[in-house]
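A.B. asks: Okay, structure incoming, though there's no sequence with it:
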């Protein structure tokens, strides 16, 4: 990326003053770090911090963090004297806490001065294996490579939870360590296989006294399942049993091989039955394409193209309306975590799909909304869910089929009703899918309105509630016309989700005037840095609100600019925009739009043509250093109110570019 | 190292640090120490103090690492704390030392270059004098405004990122930047429009 001149100058300045090669903080830092770690009662509160944030540490979900947790459990000293064997594959401790592992003392070797130390000590077999396939933190061999290195039969999973992939494998002469991950690193599976010896190590996964170890049938044998694990924080001397670490473990042995599957996820539990399904899918046969390694090494997580969905959803809502021949509605309320990508028109089924991507970096969690004309309920693909199996789901596309065990709920959407379902199809083996109500938090909502059928699919797993989906459904409005949409470069991801912002002002001035039944005034003069974005009519307030957006090219994506409010005020009574009063926050909240300003606000009387108006700078804000919401005389927000010819006007400018004189000039130019 | 690789390595280092492994901290120090010291230096304008600020920030990061959301990149989170610590240090320093003296020892009095006729704008970014003019102008700003310039123009954070990282309302960030730019613009006026940080945005 090309540096700006100012950045280049600053860089040169600091590099001349402090050459990078001269910066080496580590020696001093290391001794400070070690000292503080050894004396945690000082001002360095690592121990307390970790203890207080125990859960935070274990809420770590990225794959490498998860692998560390998994590896920690693998290397936890096994077969302790206090462990009591009670089960075939687990041992039970006497207490809910056990001593945490301590670091191994350094092995010192006496040296004879003048005698060179031996240099050809062969690497132990485990190290040779790790050198070729990576250690447990970065396994990168294929299953076939592992098979060629060990002398027992290595199997792999033929079935995986949706969205999970093989990452890589490693191990040792007597062990295969095979890992799987989800694209967003929220789920991780480690499959460990060893020749069954019944040794203390293989039986040594410890569980606390009260923990339930469940028997699980796996084919013709019985495995044991446990949820939770022991864990400890840096600086702590004991490990504590934690039922909510997100770890589920299933262990069994079959035909001379010991197996252990560890599934770790803090958001999507799997359960013993699903783990058993995975266990039963173990095979030596080639597995299907979705289990192909995503990448060559575990540390090379591919970066997805941020514009990967643009080609699939290339249209604006207005363009889609033109192609489809019906009005495409867009939600005026959407979670801030979702970015509108675009629209696709499917002429074969006469439907449009609007696509929203979750802002989660390298993932494809998304929400989409389908709209299809349904004038009389016939030829309607989205006028109710079909119920059937996964084969029916495929055969009846695009109709939305849910499993026979799905719970279809009737919900209220505005004045009408809709159907809501939570759950999803999950892969049960390599050949089919089954419906699960609780494996995945996928949600579906169907409803009809004004001769149209709508289908909202929430695959974001982003924590939205059913009520949120209903709110989105109830917020549908007509899409803005193309002329009102400032162009957004297709290849750029704006910092501000402008698409959602645009939908809040979908009307032209004429449309707003028609809806409001008033003669809407627009400024005849406007600074060139502002351009008309659109208008909306608030029927409850009987107010038209226009938005003039600050230049996007000059200032980058932003939502600053001028809001112009217009409201009928024949006698100044029942007029939310007529004047200001001084009060507190409660009074301010009691009415919208609020007339209430803080007691320290400066209300200035100004002349606007032949009428007078009132001017204030500031608003109610919650700042990090303030106790709750307070009035701030913030010059960033400038408010001008005045009345003229039975109308009340309010100009609010967000930004530093305009001064009070500019606002007055705009107000005087209203025509 | 690609951005993705760096992030993966950061995740790895953070995981090690969370387990109390000093190797995790070492990896983070090696990766971010230059940026941290340079960032602090632009604000406190004193090398030993900048190194102290960076060191303290690393130790604090190790202390607080459990609070770092695993979905957030380490760099901005850490550099925010460097900037905050540098701002505090600069304020303390301001009470003790006059910022009119050139702590870098470069010897370029502000009054002299302000009085000097404007050089050709096209050579503005090329000269040592211009860099010193920027350095001096930066030194004339109060610590908050200096921090705003450093975040925006040295670390190249967007205003949205600054809002998130500094946990201040957008209006405050805009206000800091606006004021800082206005002062820089005024201080750099003899050097022509190219020295205006706002104009430098490309």
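C.D. replies: Happy to help now that I have it. This one's a predicted model, so the numbers in the text were calculated from it and none came from an experiment.

A.B. asks: Who are the contact partners of the spatially closest residue to residue A:565 that is not a sequence neighbour?
C.D. replies: If the residues on either side of it in the chain are set aside, residue A:565 comes closest to residue A:650, at 4.0 Å by Cβ to Cβ, 6 or more residues apart in numbering or on different chains. Backbone N, C-alpha and C define where each C-beta goes, glycine included. Neighbouring residues of residue A:650 by Cβ atoms under 8 Å, 6 or more residues apart in numbering or on different chains: A:563, A:564, A:565, A:567, A:577, A:593, A:639, A:640, A:641.

A.B. asks: Show me what residue of chain B gets nearest to chain A.
C.D. replies: At 2.8 Å from chain A, residue B:20 is the closest residue in chain B, using Cβ to the nearest Cβ.

A.B. asks: returning to what we had before: out of the contacts of residue A:650, which comes closest to chain B?
C.D. replies: residue A:639 (13.5 Å).

A.B. asks: Sticking with the closest one, tell me its helix or strand.
C.D. replies: Counting by DSSP states H and E, the element that carries residue A:639 is strand A:637-644.

A.B. asks: Surely the residue nearest to residue A:565 is within a helix?
C.D. replies: No. Secondary structure of residue A:650 (DSSP: H, G, I helix; E, B strand; the rest coil): strand, not part of a helix.

A.B. asks: how far away is it from residue A:584?
C.D. replies: Here residue A:650 is placed at a distance of 21 Å from residue A:584 (Cβ to Cβ, to the nearest Å).

A.B. asks: Just the buried positions in stretch A:158-165, please.
C.D. replies: When burial is assessed from 16 or more other Cβ atoms under 10 Å in any protein chain shown, stretch A:158-165 yields the following buried residues: A:158, A:159, A:160, A:161, A:163, A:164, A:165.

A.B. asks: and it, how far apart are its ends?
C.D. replies: 11 Å (Cα to Cα, to the nearest Å).

A.B. asks: Report the distance from it to the chain centre.
C.D. replies: The gap between the average C-alpha position of stretch A:158-165 and the chain average comes to 20 Å, counting by Cα atoms, centre = their mean, to the nearest Å.

A.B. asks: looking at chain B, which helix or strand is least sure?
C.D. replies: Least confident helix or strand, chain B: helix B:110-115 with a mean of 28, by mean pLDDT, DSSP states H and E.

A.B. asks: Any figure for the gap between residue A:201 and chain B?
C.D. replies: With distances taken as Cβ to the nearest Cβ, to the nearest Å, residue A:201 is found 22 Å from chain B.

A.B. asks: Report the buried residues of the helix or strand harbouring that residue.
C.D. replies: Element membership for residue A:201, per DSSP H and E: helix A:200-203. Taking 16+ other Cβ under 10 Å as the neighbour-count basis, helix A:200-203 is seen to contain the buried residues A:202, A:203.

A.B. asks: Give the next helix or strand downstream of that helix.
C.D. replies: Scanning forward in sequence from helix A:200-203 by DSSP H and E, the next helix or strand is strand A:205-207.

A.B. asks: Report all helices and strands that that next one contacts.
C.D. replies: strand A:90-92 (3 or more Cβ pairs under 8 Å, 6 or more residues apart in numbering or on different chains; DSSP states H and E).

A.B. asks: average pLDDT for the strand it packs on?
C.D. replies: Mean pLDDT, strand A:90-92: 79.

A.B. asks: list the helices and strands it packs on?
C.D. replies: Counting by 3+ Cβ pairs under 8 Å, 6+ apart, the packing neighbours recorded for strand A:90-92 are strand A:84-85, strand A:205-207.

A.B. asks: need the least confident one among these, by mean pLDDT.
C.D. replies: Note on those: lowest mean pLDDT is at strand A:84-85, with a mean of 32.

A.B. asks: Tell me where chain B has helices.
C.D. replies: Using DSSP state H, the helices of chain B run over residues B:3-18, B:22-44, B:47-64, B:74-96, B:110-115, B:128-139, B:143-149, B:159-166, B:170-187.

A.B. asks: Mean neighbour count and distance to chain A added to these, as CSV?
C.D. replies: As requested, the helices of chain B are arranged in CSV below (neighbours: other Cβ atoms under 10 Å in any protein chain shown; distance: least, Cβ to the nearest Cβ, whole Å):
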stretch, mean neighbour count, distance to chain A
helix B:3-18, 20, 4
helix B:22-44, 23, 4
helix B:47-64, 21, 5
helix B:74-96, 19, 12
helix B:110-115, 14, 14
helix B:128-139, 21, 5
helix B:143-149, 24, 8
helix B:159-166, 19, 4
helix B:170-187, 20, 4
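
A.B. asks: Mind putting those into TSV with distance to residue A:145?
C.D. replies: TSV is the format used below for the helices of chain B (distance: least, Cβ to Cβ, whole Å):
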stretch	distance to residue A:145
helix B:3-18	22
helix B:22-44	28
helix B:47-64	38
helix B:74-96	33
helix B:110-115	66
helix B:128-139	55
helix B:143-149	52
helix B:159-166	43
helix B:170-187	52
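
A.B. asks: closest to residue A:356 out of the ones you listed?
C.D. replies: Evaluated over those, closeness to residue A:356 peaks at helix B:159-166, with 19.3 Å, by Cβ to Cβ.

A.B. asks: pLDDT (mean, whole number) over that closest one?
C.D. replies: Along helix B:159-166, the predicted confidence averages to a pLDDT of 68.
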